[in-house]
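*Asks:* Turn this into a model:
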Amino acid sequence: MADGKKYILDGYRFNDSDSYEQARRELNKIAEIKAEKDLKDETVLREIYDNLVESGEFSTPVGIGFLREAQRKLVKNPEQRKTMKAIPYSAVLSKEEGISGFSDDFKEKDASEKDENTDKDEEKSDGSIFIINNLKSKIRNYRIIIAFMAVMVLVPFGVVIYDKFFSANSAQEALVNEYASWKEELTKKEQELNEREKIFEGMADKKLNSEIKAGEEENGESQNSGS
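*Replies:* All right, here's what the predicted structure looks like:
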């Protein structure tokens, strides 16, 4: 460095005061944006991103880092990915130049952190796949259990309905048979009564005829004695 000073800001070391001051302005701007805007709102974040990219206001690693973070959030939405503007190449180049003053140890540390993050992402991905497969297996088992329970509930109902249906038919058949038996018995009784009535009527007719005949004979005798 020409003046022998160290220009360090937000984890970055800059080569001169100009880039340092630019980074400081960008850091203040980022603080204002975070304080005044709701960055969780995708529409608001997209508007801020577009304005900063078009204006070229951010050119140091501090501002470019903010833009990259916003970009990563926005591209998760496929529709945003289709229409959003890329960060200008000159700004990205300035970012690379701005970190040229970092020590080799810091670069190695940054690379190792990236590798570590990559490994963690892969582990998370594998873990997510395992969890999804596990959930699918549980859901399949729950469906089997629910189907089995449904069968266990429906079978007794079927048996009850079947039993009631055939019991009702059996009761109806028994009632019809009993009615037929009663009818046959009543018909038989009626025939017996008719036969008895005929016998009684015959006996009454014979008695009546006998009385009539006896009366006629008595009248004939009285007439003969008078003459």
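*Asks:* Got the phi and psi for residue 8?
*Replies:* phi -120, psi 130 (degrees, to the nearest 10).
*Asks:* same question, the one 3 residues further on
*Replies:* Torsion angles at residue 11 (phi, psi; degrees, to the nearest 10) stand at phi 90, psi 0.
*Asks:* What is the burial count for it?
*Replies:* 12 (other CB atoms under 10 Å). Bear in mind the C-beta positions are built from the backbone N, C-alpha and C, glycine included.
*Asks:* for residue 53, same thing?
*Replies:* Quick note: residue 53 (other CB under 10 Å) scores 19 neighbours.
*Asks:* That one and residue 66 touch, don't they?
*Replies:* No - under the criterion of CB atoms under 8 Å, residue 53 makes no contact with residue 66, lying 11.3 Å away.
*Asks:* measure the residue lying closest to residue 10 once chain neighbours are set aside to residue 215 for me?
*Replies:* In space, and not counting its chain neighbours, residue 10 is closest to residue 62: 5.2 Å by CB to CB, 6 or more residues apart in numbering. From residue 62 across to residue 215, the span is 154 Å (CB to CB, to the nearest Å).
*Asks:* Tell me which of these two has more neighbours.
*Replies:* For residue 62 versus residue 215, neighbours defined as other CB under 10 Å are more numerous around residue 62 (25 against 10).
*Asks:* Enumerate every residue touching the more buried one.
*Replies:* Listed by CB atoms under 8 Å, 6 or more residues apart in numbering, the contact partners of residue 62 are 9-10, 12, 23, 26-27, 30.
*Asks:* could you measure it against residue 216, distance?
*Replies:* Per CB to CB, residue 62 is found 156 Å from residue 216.
*Asks:* If we only consider the contacts of residue 62, which is nearest to residue 176?
*Replies:* Taking CB to CB as the measure, residue 176 lies nearest residue 30 of those, at 95.2 Å.
*Asks:* How about the closest one: what's its closest non-neighbour residue?
*Replies:* Residue 30's closest residue in space is residue 66 (CB to CB, 6+ apart), at 5.1 Å.
*Asks:* So the one you found sits against residue 58, correct?
*Replies:* Yes - applying CB under 8 Å as the test, residue 66 and residue 58 come out as touching, 6.8 Å apart.
*Asks:* May I have the secondary structure class of residue 5?
*Replies:* coil (DSSP: H, G, I helix; E, B strand; the rest coil).
*Asks:* I figured it hits residue 17, correct?
*Replies:* Yes - in this structure, residue 5 is within contact of residue 17 by CB under 8 Å, at 7.5 Å.
*Asks:* Of those two, give the one with the bigger neighbour count.
*Replies:* Neighbour tally, residue 5 and residue 17, criterion other CB under 10 Å: the higher count belongs to residue 17, 14 against 11.
*Asks:* quick one: that one and residue 23 touch, right?
*Replies:* No - under the criterion of CB under 8 Å, residue 17 makes no contact with residue 23, lying 10.5 Å away.
*Asks:* which element is residue 155 on?
*Replies:* Element membership for residue 155, per DSSP states H and E: helix 104-226.
*Asks:* I meant to write residue 45 there.
*Replies:* Going by DSSP H and E, residue 45 is part of helix 42-55.
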